[in-house]
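[1] sequence? don't have it. structure:
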């Protein structure tokens with residue numbers, strides 16, 4: 001087997017064994033071979049039977065991790081002429097390299113670099129010196145029979161909480177007590193909240209690049225947004241602005257742009273977005289005349305102020321994934337890790353969802369991108385399945401803030417908190 005090329009056809013994450021070892025299921029032809037690692041998450045393992053002819057067929061590798069099926073990749077088996085594996089062959093070259101080196105289970109260890117950029121190192125030091133403040137729980141909205149995948153959340157001017165469910169195509173509203181006020185179905189729309197104005201709710205439907213508007217009396221209308229779209233795998237986002245909309249349109253082999261739209265959806269101006277798709281992927285927000293274009297994979301935000309587009313570094317943002325992010329930027333990793341799912345701007349503060357395994361972590365920056373506060377939930381505990389999807393923040397008249405966070409895993413819900421800065 002040594003020196004042969006093996007490419008993953010599929011990788012599924014299932015869960016750990018009772019002993020804590022990583023469980024692998026290797027699938028070849030009609031036969032299956034179950035493997036246990038002896039180094040936990042370091043990924044050491046040996047093959048049985050050891051003389052299996054792996055090269056002539058597609059190899060399916062299934063990894064058992066944390067009790068949940070996760071489809072990880074799908075590529076074809078190579079030809080017999082292939083004799084070496086490069087890092088770009090598969091996102092999972094680290095797993096495959098264990099098969100190719102032929103080392104013993106006791107000596108195979110995956111060691112990733114912990115190096116970060118100079119800027120990230122400075123941010124890490126700033127975050128380490130920042131005290132952590134605790135949010136106060138307001139309420140939890142759990143409607144298992146109603147919510148399936150709560151994707152976006154927002155407060156309107158009256159303080160009503162709105163939630164969109166992208167899989168059930170719902171737009172919901174809740175009052176202060178968490179009681180359901182309205183429930184609208186927009187069939188096939190995959191709705192994203194885009195903003196609020198004068199009692200109206202603006203919802204973006206990426207399936208047809210339209211804005212759906214719900215008036216205060218519950219009447220819906222539709223506005224089509226002008227502009228070119230990628231032929232496939234488009235990533236599009238929209239925010240309501242004063243007198244119109246701003247869209248972000250990006251895709252592979254496509255000249256991405258920010259589009260400034262009039263009230264009728266016509267395209268007034270286009271601002272080019274250069275660089276790879278991953279760099280620009282993320283929701284957009286509008287706050288006091290400035291458009292904030294979020295980036296989920298690096299700690300920065302693009303700002304469109306009038307016709308000027310610049311980037312705002314989030315100084316003080318720390319994450320366990322910064323090292324892997326740095327590896328990706330240098331070309332030493334195949335996929336960028338998600339650092340933040342969303343952010344919200346309220347008053348003169350930017351609230352950033354810092355993706356941590358297990359609990360809620362919100363970094364609060366000023367409008368210049370400097371870290372001011374770190375917030376967490378009461379009694380944070382480690383739970384790998386926890387996944388927040390969006391955040392909404394509303395400043396109250398007394399100087400405090402209402403915070404709402406949509407959660408998709410382990411169960412769909414909306415967590416509401418309150419917080420008051422100490423200074």
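    Received, thanks. Since the structure is predicted, the reported quantities are computational estimates derived from the model, not experimental observations.
[2] pLDDT weak spots in this protein?
    1-113, 144, 383 (pLDDT under 70).
[3] how is it carved up into domains?
    23-101, 118-419 (automatic domain parsing).
[4] you'd agree residue 390 is up against residue 340?
    No. With contact defined as C-beta atoms under 8 Å, residue 390 does not count as touching residue 340 (10.9 Å). Backbone N, C-alpha and C define where each C-beta goes, glycine included.
[5] need the residues touching each of these two.
    Here residue 390 and residue 340 have residue 353 as joint contacts, going by C-beta atoms under 8 Å, 6 or more residues apart in numbering.
[6] next one: the nearest residue to residue 187 once chain neighbours are set aside relative to residue 239, how far apart?
    Of all residues not flanking residue 187 in the chain, residue 169 sits nearest, at 5.8 Å (C-beta to C-beta, 6 or more residues apart in numbering). Going from residue 169 to residue 239 by C-beta to C-beta, to the nearest Å gives 20 Å.
[7] swap in residue 330?
    32 Å.
[8] could you do residue 314 as well?
    Distance from residue 314 to residue 239, counting by C-beta to C-beta: 19 Å.
[9] ok, residue 169 and residue 239, which is more surrounded?
    residue 239 (22 against 18; other C-beta atoms under 10 Å).
[10] so what's the more buried one bridging to?
    Note on residue 239: beta-bridge partners by DSSP bridges are residue 246.
[11] need the helices for the stretch 101-250 of the chain, in chain order.
    Taking DSSP state H, counting those that start in this stretch as the test, the helices found in the stretch 101-250 of the chain are 118-128.
[12] ranges for the strands of it?
    In the stretch 101-250 of the chain, strands defined by DSSP state E, counting those that start in this stretch lie at 132-134, 136-141, 150-155, 161-165, 170-174, 180-185, 192-197, 200-205, 210-214, 220-224, 235-241, 244-250, listed in chain order.
[13] nearest to residue 292 among the ones you listed would be which one?
    Residue 292 sits nearest to strand 235-241 of all those, at 8.4 Å, using C-beta to C-beta.
[14] what is the closest one packed up against?
    The criterion is 3 or more C-beta pairs under 8 Å, 6 or more residues apart in numbering; DSSP states H and E, and the helices and strands that strand 235-241 contacts are strand 192-197, strand 200-205, strand 244-250, strand 284-287.
[15] who wins for proximity to residue 123 among the ones you listed?
    Checking these against residue 123 by C-beta to C-beta gives strand 284-287 as the closest, at 21.6 Å.
[16] in its sheet, what does that closest one sit against?
    strand 290-294 (antiparallel).
[17] residues in contact with the partner strand?
    Contacts for strand 290-294 (C-beta under 8 Å, 6+ apart): 239, 241, 246, 248, 258, 273, 280, 282-286, 301-305, 340, 342-343, 345, 350.
[18] quick check on those residues: which are buried?
    239, 241, 246, 248, 258, 273, 280, 282-286, 301-304, 340, 342-343, 345, 350 (16 or more other C-beta atoms under 10 Å).
[19] most packed of the domains of the chain?
    Mean neighbours per residue, mean count of other C-beta atoms under 10 Å, is largest over the domains of the chain for domain 118-419, with a mean of 17.
[20] what's the first-to-last distance across that one?
    Using C-alpha to C-alpha, to the nearest Å, one end of domain 118-419 lies 32 Å from the other.
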